[in-house]
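> only geometry, no sequence info:
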């Protein structure tokens, strides 16, 4: 009987699938639950820890980003790296930008069935009016109305991502005090609003050119219109911007491309702040004509590491 060549040696290694980063113990071990509570002292390293549930989601996103080059991205795998981009911006820029969270086709605000949205989701967005007349909006709508720019990665169908970009402004509203003093010239007819109350321009970007993609994009626009109306906002057709981005050629890259689109829009707002110019139409300028999805996926992985344990790490 012929002897078998031994395996597991230098000449015949055993290959196993693994991830680039061994991240199983990347969060600190703690002795008690109280060790996970936020620390107010910024010099205490524990002030940088994230809670256990948040860390678990970030670990899941990192593992998924690493496991395959051609897998489509889902949920946290897109939104968490985007959150890291936002967290790295100057505080004054963060105040200008609202970033939408996970909102997918399955259990978010964009289910395929229209009736599901009307029956189960739209009621959650209804505003409430207090006895003093003050309007209380749902959390999402309040976030939109508090942002000069609102950027929202939308998973319209499984693994199919779109970028929603809103530029908001403030238009004067009728002064309620004028009714009590209609002839008093010292009481102005209109006053500035407390929050952003008009959508100046908007875009829904999906970098696939085929008809099926256009149909999906149209559905997202219709649904988005219903959502913002709950916040007393409107998507006017003549204010839509057709933002040019590189055409998607691969089947799996829409999540990666949407990450890059929204990151670029955040950096443009940062430029306006740094140059003290205010909003410029260059916010809607064409994106660069070439995109390397592998490079962007690598960037998303590194950002995800810092979302898990945001202390500088040197990778040789």
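Everything's here; your move. The structure presented is a predicted model; accordingly, all values stated were derived computationally and were not measured. Numbers count the residues shown, from 1 in each chain.

> check contacts around the nearest residue to residue 236 once chain neighbours are set aside.
Using C-beta to C-beta, 6 or more residues apart in numbering and skipping the chain neighbours, the partner closest in space to residue 236 is residue 199 (7.3 Å). Where you see a C-beta, it was placed from the backbone N, CA and C, and this is true even at glycine. For residue 199, the contact set (C-beta atoms under 8 Å, 6 or more residues apart in numbering) comprises 166, 167, 168, 169, 228, 233, 234, 235, 236, 239.

> so the second one touches residue 148, yeah?
By that I understand residue 167. Yes. Residue 167 is within contact range of residue 148, at 7.2 Å (criterion: C-beta atoms under 8 Å).

> and the contacts of residue 199, which of them are in helices?
residue 228 (DSSP state H).

> quick one, which of the contacts of residue 199 are buried?
Taking 16 or more other C-beta atoms under 10 Å as the criterion, what is buried in those is 166, 167, 168, 228, 233, 235.

> shared neighbours, residue 167 and residue 148?
With C-beta under 8 Å, 6+ apart, residue 167 and residue 148 have common neighbours residue 279.

> could I get the buried ones among the contacts of residue 199 as CSV with pLDDT?
Shown next, in CSV, are these (pLDDT from 0 to 100):
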residue, pLDDT
166, 98
167, 98
168, 97
228, 94
233, 95
235, 95
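
> same list, those residues, but as CSV with distance to residue 73 please.
CSV is the format used below for these (distance: C-beta to C-beta, whole Å):
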residue, distance to residue 73
166, 23
167, 26
168, 28
228, 26
233, 29
235, 26
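
> now the two most distant members of those.
167 and 228 (12.8 Å; C-beta to C-beta).

> how about the strands in this protein?
97-99, 128-129, 135-136, 149-157, 160-169, 173-174, 190-191, 198-205 (DSSP state E).

> now render these as a markdown table, adding distance to residue 65.
Output for the strands of the chain, formatted as a markdown table (distance: least, C-beta to C-beta, whole Å):
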| stretch | distance to residue 65 |
| --- | --- |
| strand 97-99 | 19 |
| strand 128-129 | 40 |
| strand 135-136 | 38 |
| strand 149-157 | 15 |
| strand 160-169 | 14 |
| strand 173-174 | 45 |
| strand 190-191 | 48 |
| strand 198-205 | 22 |
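
> would you map the helices across the stretch 201-316 of the chain?
211-229, 254-275, 293-308 (DSSP state H, counting those that start in this stretch).

> which strands or helices does the shortest one pack on?
Of the remaining helices and strands, those touching helix 293-308 by 3 or more C-beta pairs under 8 Å, 6 or more residues apart in numbering; DSSP states H and E are helix 52-67, helix 76-87, helix 254-275.

> one more: the first one?
With contacts defined as 3+ C-beta pairs under 8 Å, 6+ apart, the secondary structure elements packing on helix 211-229 are helix 139-145, strand 149-157, strand 160-169, strand 198-205.

> could you check the angle it makes with strand 149-157?
Going by axes from the mean of the first three to the mean of the last three C-alpha atoms, to 10 degrees, helix 211-229 is angled at 130 degrees with respect to strand 149-157.

> likewise for the second one?
Put simply, helix 254-275 runs at 180 degrees to strand 149-157, going by the same axes, to 10 degrees.

> state the mean pLDDT of helix 254-275.
Mean pLDDT, helix 254-275: 95.

> just how off-centre is it within its chain?
Its chain's C-alpha centre and that of helix 254-275 lie 11 Å apart, by C-alpha atoms, centre = their mean, to the nearest Å.

> what helices or strands is it leaning on?
helix 76-87, helix 91-94, strand 97-99, strand 149-157, strand 160-169, helix 293-308.

> try 6 Å this time
Packing partners of helix 254-275 (3 or more C-beta pairs under 6 Å, 6 or more residues apart in numbering; DSSP states H and E): helix 76-87, helix 91-94, strand 149-157, strand 160-169, helix 293-308.

> residue 112 is nearest to which of the ones you listed?
strand 149-157 (7.1 Å).
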